[in-house]
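In: here are the coordinates; sequence isn't available:
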């Protein structure tokens, strides 16, 4: 969801609440609305508590998953950087081969997989294959001394962690708040807004203003939750900043790993 769509949704919700209040004020006299106020206010309060708890649960879940996605991205890039720094200490040919494979993976994440997560909410299998190839190539290294074998083992541990973080990143890209829950929230918000529109306020302008403000506030919270829902798309998408920085660092390490003539 873009900012333009978010603004349009908020505007439509506000105008709809105002229009509904205007019609209700015209069709239902104040005395008629007053007679149902005592019962309606109690129902509104109880129903409002249920809605508030559900909305808080949804917003908290969306915010938590958004932060989890950011953390997974940072930790994945950090593990890859640590593996690259250790790999730079391997024999020059082995270091070059591994760093090139890791750089290919990072470039694929930035150029291919990030757009795929935004459009399709899914991973790019070819990109995943590049990481697996880097792990397999590291495991195939032979002829290392004791220090080289220790470095390889530490690199393998970091790559395994990077792959686990990648899986978490893909999971967050795929999964969001269920559509059924959004339908329930929207229906409850509409019912509560209509309850405000039916309130026993004699001044029509005040009633219209209160109902519109209520609708705008509820819609605003729900819109923010939706913007946070899928962290790799929309106006609040997580950028691949960590991988862009890592790409530059890997290029520098690769240049320094060139064997002497």
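Out: In hand now; what should we look at? Keep in mind that this is a model prediction, so the values were computed, not measured. Numbering: from 1, shown residues only.
In: my read: residue 249 touches residue 81, true?
Out: Yes. At 6.1 Å, residue 249 and residue 81 qualify as touching, with contact defined as Cβ atoms under 8 Å. To be clear about C-beta, it is placed using only N, CA and C from the backbone, and glycine gets the same treatment.
In: Neighbour count: the two, which is higher?
Out: residue 81 (20 against 16; other Cβ atoms under 10 Å).
In: That one: what's it in contact with?
Out: Contacts for residue 81 were tallied using Cβ atoms under 8 Å, 6 or more residues apart in numbering; they are 246, 249, 250.
In: so which helix or strand takes in it?
Out: Assigned by DSSP states H and E, residue 81 belongs to helix 37-87.
In: Identify all contacting residues around the following helix or strand past that helix.
Out: As assigned by DSSP H and E, the chain's next helix or strand after helix 37-87 is helix 92-108. Counting by Cβ under 8 Å, 6+ apart, the neighbours of helix 92-108 from elsewhere in the structure are 80, 83-84, 87-90, 124, 126-127, 130-131, 133-134, 137-138, 141, 144, 148, 155, 243, 246-247, 250-251, 253-254, 257-260.
In: of those residues, buried ones?
Out: The neighbour-count criterion (16 or more other Cβ atoms under 10 Å) marks 80, 83-84, 87-88, 90, 124, 127, 130-131, 134, 138, 141, 155, 243, 246-247, 250, 253-254, 257 among these as buried.
In: Just the ones in strands from the residues you listed, please.
Out: With DSSP state E as the criterion, strands contain none of these.
In: Next, the contact list for the spatially closest residue to residue 189 that is not a sequence neighbour, please.
Out: Counting by Cβ to Cβ, 6 or more residues apart in numbering, residue 189 lies nearest to residue 218, which is 4.9 Å off, once chain neighbours are set aside. Listed by Cβ under 8 Å, 6+ apart, the contact partners of residue 218 are 13, 55, 189, 192, 193.
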